[in-house]
Each structure stands twice: as C-alpha cells, then as structure tokens.
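Enquirer: Provide a 3D model corresponding to the input given below.
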Amino acid sequence: MRVRTVFIAIAMVALVRAASGANPRALPRFEDLPVEEVFDQTPAPVVLAAARARQFRTVLREEARRGPNFSGHYRVATWGCGSDCHAFAIIDAATGTVYFKPDALFVAGLFGNDEERIQFRKNSRLLVLVGSRNDSGGGKYYYEWTGTRLKLLATAAVAPPSGGPKTQRKSTLFRLKPDTTWFHHGLLTLVSSVSFVVKRSDSLLDEGLDVGRDRPNVESLTEVRDASPTASGARARRGGL
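Expert: Next up is the predicted model:
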C-alpha cells in the first residue's frame with residue numbers, strides 16, 4: 001500500500017513539472033518568421049461575409065482603413081469585450097477578407113499577468129496569445145499565420161506575478177515558492193479546499209450527534225405529564241364545567 005502511494009506521488013510530481021511550461025529558448029520568436037514584402041497601398045474595403053463580421057462591422061471597417069500591422073499585408077483588429085478581455089480578427093488589407101479563429105474569438109487575462117494579450121509584428125508571421133482563450137484554459141500560445149489560418153506552433157505557461165504589491169497576494173492556506181507556476185497554485189488550492197470541507201463536515205456531524213444525545217425526549221415528558229394525578233384532575237374539572 002505504501003509503495004503504491006509513493007509511486008502515485010512521484011507520478012503526480014512528474015506531471016506537474018511537465019506542465020510547468022516550455023523551455024523559453026525553444027519558443028518561436030518574431031524574427032524566426034519574417035515576411036518578404038509589406039503592403040503599402042490603399043487598403044481594400046472590408047468584406048462582411050460572415051455573420052460575426054457583420055456584427056462587428058463598425059470596428060472592422062475602422063481598423064481596415066488604418067492599414068496592415070501584421071504579417072506584411074494583414075491587419076489584426078482588436079476590440080474590448082469586458083474587463084481585460086480582447087476580441088480580435090485578422091483582415092487582409094489587399095482583399096478585405098476577414099478571418100476569425102473559432103477556438104480563440106477572444107482572449108481574457110489571467111491574475112497576476114500584465115503581458116499584452118495579443119502580440120504581433122508588421123514584419124512577422126508570428127502571433128502570440130497570452131491568457132485564456134474563449135474562457136478556456138490559460139497560457140501563452142504561439143501561432144504562425146499561413147495566409148488563411150493560425151497554425152499553433154508551441155504553448156508555454158504564463159509567468160507568475162513579478163511580486164509587485166498590485167499583483168502579488170499572500171495565501172492563508174499555504175506558502176508558495178517563487179518559482180511555483182499557476183498550475184501548482186490551482187492544485188494546492190483545490191487540495192486545501194477539499195481538506196477544509198471534509199474537516200468542517202466531520203465537525204458539524206459530531207456536533208449534531210452531541211446535540212441529539214443531550215436533547216430530552218419530548219414525547220416521554222408529555223406522557224409523564226399527562227399521566228400525573230394533577231393533570232388528570234384538571235381535565236376532570238374542566239369536563240364537569
């Protein structure tokens with residue numbers, strides 16, 4: 001039994017370390033994916049073919065008129081969708097075609113991380129999303145723009161807070177190491193919360209049993225009171241009246 005417990009613990013540690021993030025040296029850089037030409041003509045009118053494009057037609061038209069800012073002749077159009085939430089689309093400045101990424105229609109920020117949520121360059125095909133995509137998961141996602149879609153190249157864990165007073169919070173449940181990732185944080189929080197709930201439930205159960213043992217038997221007291229001579233005489237007098 002003890003051997004199996006140790007084996008499970010070792011496996012969990014290995015899993016956590018594997019999910020802690022990729023080697024920064026292996027991650028793509030903007031200079032790794034350069035573009036050969038940059039569009040310098042008048043941008044084409046935006047094509048509102050998709051329903052989502054028509055829904056955000058005003059911001060897409062305004063962004064398209066500003067010219068390319070990504071991968072030579074494309075425009076990354078961004079707009080707010082809430083607190084630290086950014087929606088985006090990619091517009092071809094040459095044709096006006098609008099592209100959306102269904103599994104990343106918007107990117108939301110993560111606590112303690114103040115990086116740009118959508119990172120790109122005019123002279124690079126690399127686009128980086130930092131945060132939670134469509135309110136799912138969280139991390140740093142590296143994409144290559146192929147001309148019609150974003151191809152995922154690599155993922156990495158989001159860096160922990162830098163330690164500033166506005167981003168660093170102390171936990172009352174456990175002490176975190178400086179190099180602990182957010183995966184560790186969530187795992188430790190879950191374990192601590194479950195442990196607290198179990199202990200509290202056991203405590204309430206014990207208190208309930210103690211109260212039940214100390215409570216007098218109401219039915220028994222009623223029977224004794226009704227059977228006493230005083231009570232019988234009082235009922236008899238009331239009946240006679």
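
Enquirer: In the record's domain split, what are the boundaries for the protein?
Expert: 21-162, 185-240 (automatic domain parsing).

Enquirer: Worst mean pLDDT among the ones you listed?
Expert: Of all those, domain 185-240 carries the lowest average pLDDT, namely a mean of 52.

Enquirer: Just the helices from this protein, written as ranges.
Expert: In the chain, the helices defined using DSSP state H lie at 2-18, 51-55, 57-65, 182-214, 218-227, 229-240.

Enquirer: buried sites along stretch 133-151?
Expert: Residues 133, 138, 139, 140, 141, 142, 143, 144, 145, 150 are the ones in stretch 133-151 that count as buried (16 or more other C-beta atoms under 10 Å). To be clear about C-beta, it is placed using only N, CA and C from the backbone, and glycine gets the same treatment.

Enquirer: And those, which is closest to residue 63?
Expert: Residue 63 lies nearest to residue 145 out of the buried residues of stretch 133-151, by C-beta to C-beta, at 16.4 Å.

Enquirer: I figured that closest one hits residue 121, correct?
Expert: No: counting by C-beta atoms under 8 Å, residue 145 does not reach residue 121; the two are 11.0 Å apart.

Enquirer: overlap in contacts of those two?
Expert: residue 70 (C-beta atoms under 8 Å, 6 or more residues apart in numbering).

Enquirer: got a list of what the closest residue to residue 78 other than its chain neighbours touches?
Expert: Leaving aside its chain neighbours, residue 78 sits nearest to residue 88 (4.6 Å; criterion: C-beta to C-beta, 6 or more residues apart in numbering). Contact partners of residue 88, counting by C-beta under 8 Å, 6+ apart, are 76, 77, 78, 79, 106, 107, 118.
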